Structure formats: C-alpha cells, structure tokens
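Chemist: no sequence for this one, just the structure:
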C-alpha cells in the first residue's frame, strides 16, 4: 500500500502510536470532566468538599445549599426557573461528557490492542455523532448571546476531537489495507502450492510408466510399448 499524501503526524509517529495518544486524551478529558463535575456539585451546594464538616451541620447546610440552588427570589419566578434549569443542564452535560470520554478511552484502546477496524469504527461513528451534537450546542450558545471568546475552550476541544477523528480514520484505513494485503498473500501462497502439487502429479506419470517397464523387464517380459513388432514376428514363427 502506498503512503497517503497527508499524514496526521507528517510520518513522525506511527498511526498506531498516534491512535493510542488519542485514546489517552479521551481519558484525560474524562478525568478532567469528573473533577469539573465534582467542583460544580460543590459550587451549586449539592455536595461539600469540607472534610471537617460534621453530620448535623452538614445536613442543615445541605438544605441551605439546595435552597440556594433553587434561588429563593419570589419576585422573579422566571429567573428562578431559568437559573435552576441552566444549572441542571450544565450538570447533566458535564456528567454525560465525563462518562462518554471514559468509555471512549476503553473502546479505542481495546480496538488498538486487537487491531480491529470494527471496534475502532464504533469509536469513530459515535464520536462523529457527538461532534455534531457539540457543534449544535455551540451554535445555540452563540445565538443565545454568549460571547465568542467565552467559548474558546469549547471550540479548542472540538478541534482536538476533530483531529482525533482524522487520526482514527487513517488508522482504520491502514488496518484494512494490512488485512487486504495479508489475504492477498495467503491467496497467492495457496495458488503457488496448488501449482506445485499439479506439477508433481504430472512429473509422477512418466516415472510410473518407467517403473512398470522396469518391473516387466525384470520379470522377463517384453515391453509392449517398444517391442510390439518383435512380438508379432515371434508369434508367426511359432505358428509355422
């Protein structure tokens, strides 16, 4: 198989190593999301990171935190509902993002270890769907009035995932090419073995005839293939 025109690493690293690095980035993003999820829970008052907080005080503070999460401003019920829904959506997205990245890390690492295009394609297809989903979320944020500079980390993460898609796609093509070459070599070897076996059978035919002739000569019999004329003369003399 020829080398591709555009290589994800400019041929500095193999696609196998680069795909493993992409899997490790999934793990890093997943762990980062896990830490961020815990910090958001603490920020919204759902959990406490204070190890010295006793049980009684913790229960009372937990109620206060949940009340703060609901925003007890009675004069602005619409803002209260919006703030609560926004926080719940953020928590849900972070939890989903964390779980997906950790699962993706396992799937892609197994695919690289087994050199399986099918397993790697599972990662690729689901990652494509999530990339489209994140692009839709980004557009919604921008339409909703979020400034573009506030979404720079989100955009950079999308570009990183887009590069990962390119790497895995190239790796899958390389695996498919290797499998095709292996099957081609196996077919070629089988054909060569069949030709050798046929030539051996053809070579054995005259050898078999020679062995029969030698055996007949050892038994004192004439070779019927080469002495048919002499046999006829002997028969005529015997008749006279």
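Modeler: Yep, it's here. In this text the structure is predicted, and so the values were computed from the model without any measurement.
Chemist: So for the helix or strand containing residue 153, mean pLDDT?
Modeler: Residue 153 belongs to helix 152-218 when assigned by DSSP states H and E. Helix 152-218 shows a mean pLDDT of 81.
Chemist: and what of stretch 133-145?
Modeler: The model assigns stretch 133-145 a mean pLDDT of 89.
Chemist: burial measure for residue 108, as a count.
Modeler: Here the number of neighbours of residue 108 (other C-beta atoms under 10 Å) works out to 27. Yep, even glycine has a C-beta here, placed from its N, CA and C like the rest.
Chemist: who are the neighbours in contact with the closest residue to it other than its chain neighbours?
Modeler: Leaving aside its sequence neighbours, residue 108 sits nearest to residue 23 (C-beta to C-beta, 6 or more residues apart in numbering; 4.1 Å). With contacts defined as C-beta atoms under 8 Å, 6 or more residues apart in numbering, residue 23 is in contact with 104, 105, 108, 109, 112.
Chemist: among those residues, who's most crowded?
Modeler: The residue in the contacts of residue 23 with the most neighbours, by other C-beta under 10 Å, is residue 108 (27 neighbours).
Chemist: got the contact list for that residue?
Modeler: 19, 22, 23, 26, 119, 120, 123, 168.
Chemist: Work out for me the element the fifth one sits within.
Modeler: In the assignment (DSSP H and E), residue 119 maps to helix 117-143.
Chemist: One more: the third one?
Modeler: Assigning secondary structure by DSSP H and E places residue 23 in helix 15-43.
Chemist: Flag every buried residue along that helix.
Modeler: Using 16 or more other C-beta atoms under 10 Å as the burial criterion, the residues of helix 15-43 that qualify are 15, 18-20, 22-23, 25-27, 29-30, 33-34, 37, 40-41.
Chemist: now the angle from it to helix 152-218?
Modeler: Angle, helix 15-43 to helix 152-218, by axes from the mean of the first three to the mean of the last three C-alpha atoms, to 10 degrees: 150 degrees.
Chemist: What mean pLDDT does helix 15-43 get?
Modeler: Computed over helix 15-43, the average pLDDT equals 85.
Chemist: Kindly calculate the angle that it makes with helix 117-143.
Modeler: Orientation check (the same axes, to 10 degrees): helix 15-43 against helix 117-143 gives 40 degrees.
Chemist: hang on, the earlier thing: out of the contacts of residue 108, which is nearest to residue 179?
Modeler: Taking C-beta to C-beta as the measure, residue 179 lies nearest residue 120 of the contacts of residue 108, at 12.5 Å.
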